[in-house]
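# Please find the sequence and the predicted model below.
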Amino acid sequence: MDLVKVSKQRLQVMRDDEWISLLTEVSSFCTTHDIPILNMDEIFVVSGRPRCNTQQNTNLHHYCVELFYTVIDIQLQELNNHFSEANTNLLLCMACLNPSNSFVDFDKEKLIHLAKFYPSNFLGIDILALDSQLQNYIFNIRNNDLFLEFQGVSELAEKLVNTRKYETYPLVYLLVRLTLTLPVTTATVE
């Protein structure tokens, strides 16, 4: 999620501040390779069409506004559509179940918040029980050699079943199952 945030910020900086540097770099490339450079103040002409354009935009306007800004805006819109605030929040909560590096991303509060996304699965009393289960679960799992060196939540789910820990921590296991099925459900809807 940090990379998504950085990508959004980088695209915005590119849109706001980097047109001149891109134009300079392209001009330098064209000069080096003997490619003719357009005068940016001249009227843009669509190749293959007569010069009687109804829209009299300069080359600068066409390449900067109609191409450069438009492409960046499309990329930003795509990132915003796929990573809305709600989706981002949900993904950050799901990441707290990641077993990598001895569960370094574990965050009990975020996992409780994740459970609240599923009110039909977690009633009010279940949230209280989940709080207690999560405290016991992380202590137990971090001190158990069988739960070291996992690469993902699916391996964690497998080990919870194989060791029957899913019976000890049923609400935690439910969160793990929901986390594993959410991407499939989302992809099906899309």
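Received the coordinates, thanks. Residues are numbered from 1 along each chain as shown.
# Break the protein down into its domains, please.
Annotated domains of the chain cover 2-82, 101-189 [automatic domain parsing].
# In JSON lines: those, plus mean pLDDT and distance to Met94.
Quick note: C-beta positions are derived from backbone N, CA and C, even for glycine. Below are these laid out as JSON lines (pLDDT from 0 to 100; distance: least, Cβ to Cβ, whole Å):
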{"stretch": "domain 2-82", "mean pLDDT": "88", "distance to Met94": "14"}
{"stretch": "domain 101-189", "mean pLDDT": "86", "distance to Met94": "5"}
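# Between these, which one is closest to Leu92.
Closest to Leu92 of the domains of the chain, according to Cβ to Cβ: domain 101-189, at 6.6 Å.
# got the buried residues for the one helix or strand Leu130 maps to?
For Leu130, the host element (DSSP states H and E) is helix 124-142. For helix 124-142, the neighbour count (16 or more other Cβ atoms under 10 Å) marks 126, 130, 133-134, 137-138, 141 as buried.
# list the contacts for the closest residue to Leu134 other than its chain neighbours?
In this structure, Leu134 finds its nearest non-sequential neighbour in Lys108, 4.7 Å apart by Cβ to Cβ, 6 or more residues apart in numbering. By Cβ atoms under 8 Å, 6 or more residues apart in numbering, the contact list for Lys108 reads 131, 134-135, 138.
# swap the cut-off to 10 Å and go again
Contact analysis of Lys108 by Cβ atoms under 10 Å, 6 or more residues apart in numbering lists 96, 130-131, 133-135, 137-138.
# Next: Leu11.
With Cβ under 10 Å, 6+ apart, Leu11 has these contacts: 71-73, 75-76, 79.
# can you tell me which two in the buried residues of helix 124-142 are farthest apart?
Using Cβ to Cβ, the pair of the buried residues of helix 124-142 lying farthest apart is Asp126 and Ile141, separated by 20.1 Å.
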